[in-house]
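*Asks:* This is the structure alone, sequence omitted:
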């Protein structure tokens, strides 16, 4: 099989291919669209000393940000790494029956390469000989520059040697996402270890699974409620420690309600971070505030984290249950040669008024997570409402690549409401679960036992070639 | 890394979450927070199309913004007070700084009798942006010309002032870029004038709450949750001279400190709540932040890394490698530690970091930055 290398354009909704990897010698006579078939296309990648070097898709340059280092220390610390667009050149030969026809054929490519200014970005498709699949790249701009020989030494021969320059996406992908979870059931307010989570399947696709590949998540909550917002996270594990401790106090200073040991083993061999959420039942009163202190080993010493003190509920109406997010901390334990051990999580309570509070600590959720985000502003919803978090554009005429996280709300109709997204959206990584919680904005009330359906689509990313996928 | 959530302004400039705006793709981010204002300033820059830049110039002012970190932590909040766009050699800027949509004029007659006109307002501007006061003065005049001056000034300043510049020159024309300048909600306490003829005394933090309540009756920008105002225990006269801004009145009483003789720190922080607390310098040995010279990171006293965007002022910072010897126990600023008055977080293509400034924040750089 010869290599398939082509531009995919989509003018006015009709797909069109421009095969660049022809056999050579098919001369464009000014009629038809012979470039839409590999065997008849007048375009051929040059790959010779005259037209240009052999070409293979390049990778997006990594842009690491380091800090620290000399003169204070040897070596620098990696703070972050992202990637930039790819600028590359392809040597291209165009065969035609005349000068004018050669120029006309080149014009077709020049137009397509600027298509982003008209409709959708054109796409570069690459399927080398022997590759099972095609990898697609999104083209932001490009051009075709003829070699000087065209109007000089090789004038009149109908051979248009040129250089095609592309500025394209940092990675390749597929056209559209792949559904990896369809209506997976997740129970809100589950008290077991893996409830409130859904294990993403093991996928062999993509070069960026350890950095994280984008996922879109549609949540059909299946309940009728108002002013809902959502927390979504990708977690390595979720630990639930049941309690039942009373959260009654009249103290206006934070006092201890209970202490619970939580293993820190999940964090020792991974980059995941800990996050604590309190599940509070017993209709928490308006004057109840909660927080945590986290210790290494026993409580009272070696405090490593003190959370903000937060209201145990919001709004005037007393909720039955609430879920209070108390944040994360940068875990020093991963720098220590430990094999196992526990955190001690001390739950603090405070009365804002001096009157006795009410509430019960149902339990503590400890997430070992990569990224967590909050989607807000959903408003009233019915049993058929769907909230969708989108981190890649999922359209068949575009390459599925990371984009700005947006969320929208659909209530069984075609009208969508844009929702705000804050934090770090979940991404696909091996052995990660999607953790999900649904709250009412004003009451932080969770709907116990409700079952939501998650549909997850995934966009694998390829630094250069795709091969088998 | 930083998510900017920007909502279009509600009626009267009130923060409103009903219409989410699409933020421009950030190229650089900077915010500042001080111990006597809370969230102070925030600047976003991006390259955009001319249409996008024009949209923000025409519609952006008084949009409310919430900057969120990667762990959903609230990093900064405020209102869009200035939009700057560069279209090659053309620059356009609209700002609320010089706007005044409620104006009155004080005058003195030739006989030395003082008088004041009533307020004149531009209802359209009030509805769009909220109310922003200005007072003029004129001597040897009377009510009618004073009112005329008032009306002329109102007509001139009722709406945001544009500051265009055009350069016609050879060379690179440049590109299209957008800069959004946000101010913390505290800065908008400058917008209203107040006065109080009462000379009886009250606790200074109670005076502040009263001022905030009065302010909210006209411009409900801030939260009315005052639970984060720690009582100062210090009494002061409630008298406020005429034409004093609410902000100045607040700073006058809070600047007295508390009954323990300690300075106070204050400002508007998360969820637009006003906070007052004793300054961290009251307990200078209670370190909040630490760093070592060989590390690009800042940590808390337990060694946990604090991300640059989460660093706050009103804190004691210590450089562990610099050992203080013989410093007085109650000294706030020493060789190894100092009180953090102001923090500036900067994120761009080559930098992710935070700058901490001491209480000597009357440096020229700091003052210029606040003006900007």
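*Replies:* Sure, I can see it. Owing to the predicted nature of the structure, the values given are computational and were not obtained by experimental measurement. Numbers count the residues shown, from 1 in each chain, chains lettered A, B, ... in the order given.

*Asks:* distance of residue A:177 from chain B?
*Replies:* Going from residue A:177 to chain B by CB to the nearest CB, to the nearest Å gives 22 Å. Quick note: C-beta positions are derived from backbone N, CA and C, even for glycine.

*Asks:* Just to check, that residue is in contact with residue A:459?
*Replies:* Yes: judged on CB atoms under 8 Å, residue A:177 makes contact with residue A:459 at a distance of 5.0 Å.

*Asks:* check contacts around the nearest residue to residue B:43 once chain neighbours are set aside.
*Replies:* In this structure, residue B:43 finds its nearest non-sequential neighbour in residue B:30, 4.8 Å apart by CB to CB, 6 or more residues apart in numbering or on different chains. Residue B:30 makes contact with B:42-43, B:344-347, according to CB atoms under 8 Å, 6 or more residues apart in numbering or on different chains.

*Asks:* near chain A, which residues of chain B show up?
*Replies:* Within chain B, the positions lying close to chain A (CB under 8 Å from any CB of the partner chain) are B:1, B:3, B:5, B:17, B:20, B:25, B:66, B:68-73, B:227, B:292-297, B:299, B:302-306, B:349-353.

*Asks:* Write the PyMOL selection for whichever of those are buried.
*Replies:* PyMOL command restricting the residues of chain B next to chain A to the buried ones, with burial defined by 16 or more other CB atoms under 10 Å in any protein chain shown:
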select buried, chain B and resi 3+5+20+66+68+69+70+71+72+73+292+295+296+297+299+302+304+306+352+353
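
*Asks:* Narrow the residues of chain B next to chain A to those in strands?
*Replies:* Among the residues of chain B next to chain A, DSSP state E puts B:3, B:5, B:20, B:66, B:68, B:299, B:305-306, B:352-353 in strands.

*Asks:* Show me the helices in chain B, by range?
*Replies:* B:50-59, B:123-129, B:143-157, B:204-218, B:246-254, B:364-371 (DSSP state H).

*Asks:* ok, how many other residues are close to the closest residue to residue A:219 other than its chain neighbours?
*Replies:* Among residues not flanking residue A:219 along the chain, residue A:387 sits closest, at 4.9 Å (CB to CB, 6+ apart). By other CB atoms under 10 Å in any protein chain shown, the residues close to residue A:387 number 26.

*Asks:* Paired strands for the strand or helix carrying residue A:387, with orientation please.
*Replies:* Using DSSP states H and E, residue A:387 sits in strand A:386-392. Strand A:386-392 pairs in its sheet with strand A:213-220 (antiparallel), strand A:402-410 (antiparallel), by DSSP bridges.

*Asks:* Among these, show me which one is buried the most.
*Replies:* Stretch with highest mean neighbour count among the strands paired with strand A:386-392: strand A:213-220 (a mean of 24; mean count of other CB atoms under 10 Å in any protein chain shown).

*Asks:* C-terminal to that strand, what's the next element?
*Replies:* By DSSP H and E, the next helix or strand past strand A:213-220 is strand A:228-246.

*Asks:* Who does the residue nearest to residue B:43 form a beta bridge with?
*Replies:* Beta-bridge partners, per DSSP bridges, of residue B:30: residue B:43, residue B:346.

*Asks:* Include mean neighbour count and mean pLDDT when you put the helices of chain B into TSV, please.
*Replies:* Shown next, in TSV, are the helices of chain B (neighbours: other CB atoms under 10 Å in any protein chain shown; pLDDT from 0 to 100):
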stretch	mean neighbour count	mean pLDDT
helix B:50-59	16	87
helix B:123-129	17	94
helix B:143-157	16	94
helix B:204-218	19	96
helix B:246-254	21	96
helix B:364-371	12	51
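
*Asks:* still on that earlier bit, show me what contacts the residue nearest to residue A:219?
*Replies:* Residue A:387 is in contact with A:218-219, A:221, A:228, A:230, A:375, A:378, A:381, A:407-410, A:419, counting by CB under 8 Å, 6+ apart.

*Asks:* Leaving out chain neighbours, which residue sits closest to the residue of the stretch 101-250 of chain A found nearest chain B?
*Replies:* Residue of the stretch 101-250 of chain A nearest chain B, by CB to the nearest CB: residue A:231 (8.0 Å). Leaving out its chain neighbours, the residue that sits closest to residue A:231 by CB to CB, 6+ apart is residue A:437, at 4.4 Å.

*Asks:* what's the following helix or strand after the helix or strand that neighbour falls within?
*Replies:* Secondary-structure assignment from DSSP H and E places residue A:437 in strand A:433-440. Once strand A:433-440 ends, the next helix or strand along the chain (criterion: DSSP H and E) is strand A:451-458.

*Asks:* Contact residues of the stretch 301-450 of chain A facing chain B?
*Replies:* A:303-305, A:325, A:327-332, A:352, A:371-374, A:376-377, A:404-405, A:418-424.

*Asks:* Of the residues you listed, which belong to strands?
*Replies:* Per DSSP E, those map to strands at A:303-305, A:325, A:327-328, A:371-374, A:376, A:404-405, A:418-423.

*Asks:* Mark which of those are buried, thanks.
*Replies:* A:304-305, A:325, A:327-328, A:371-374, A:376, A:405, A:419-423.

*Asks:* what's the most distant pair in those residues?
*Replies:* Pairwise distances across these (CB to CB) peak at 34.4 Å, for the pair A:304 and A:419.

*Asks:* Find residues that contact each of residue A:177 and residue A:459.
*Replies:* In contact with both residue A:177 and residue A:459: A:216, A:392, A:394, A:400, using CB under 8 Å, 6+ apart.

*Asks:* For the first one, give its distance to residue A:185.
*Replies:* Applying CB to CB, to the nearest Å, the value for residue A:216 to residue A:185 is 18 Å.

*Asks:* With residue A:362 instead?
*Replies:* According to CB to CB, residue A:362 and residue A:185 sit 22 Å apart.

*Asks:* any chance you could map the helices in chain A?
*Replies:* For chain A, helices defined by DSSP H occupy the ranges A:99-113.

*Asks:* Next up, the contacts around the nearest residue to residue B:130 once chain neighbours are set aside.
*Replies:* Once flanking residues are discounted, residue B:130 sits nearest to residue B:13: 3.2 Å by CB to CB, 6+ apart. By CB under 8 Å, 6+ apart, the contact list for residue B:13 reads B:62, B:79, B:128-130, B:219, B:221.

*Asks:* sorry, back to before: which one of the buried ones among the ones in strands among the residues of the stretch 301-450 of chain A next to chain B is nearest residue B:236?
*Replies:* Among those, and counting by CB to CB, the member closest to residue B:236 is residue A:327, at 37.6 Å.

*Asks:* just checking, residue A:270 touches residue A:429?
*Replies:* No: shown here, residue A:270 and residue A:429 do not form a contact pair, counting by CB under 8 Å, at 9.9 Å.

*Asks:* Mind telling me which residue of the stretch 101-250 of chain B is nearest chain A?
*Replies:* Counting by CB to the nearest CB, the stretch 101-250 of chain B gets nearest chain A through residue B:227, at 6.4 Å.

*Asks:* list the contacts for that residue?
*Replies:* Taking CB under 8 Å, 6+ apart, we find residue B:227 in contact with A:352, B:273.

*Asks:* I'm done for today, thanks for sticking with me.
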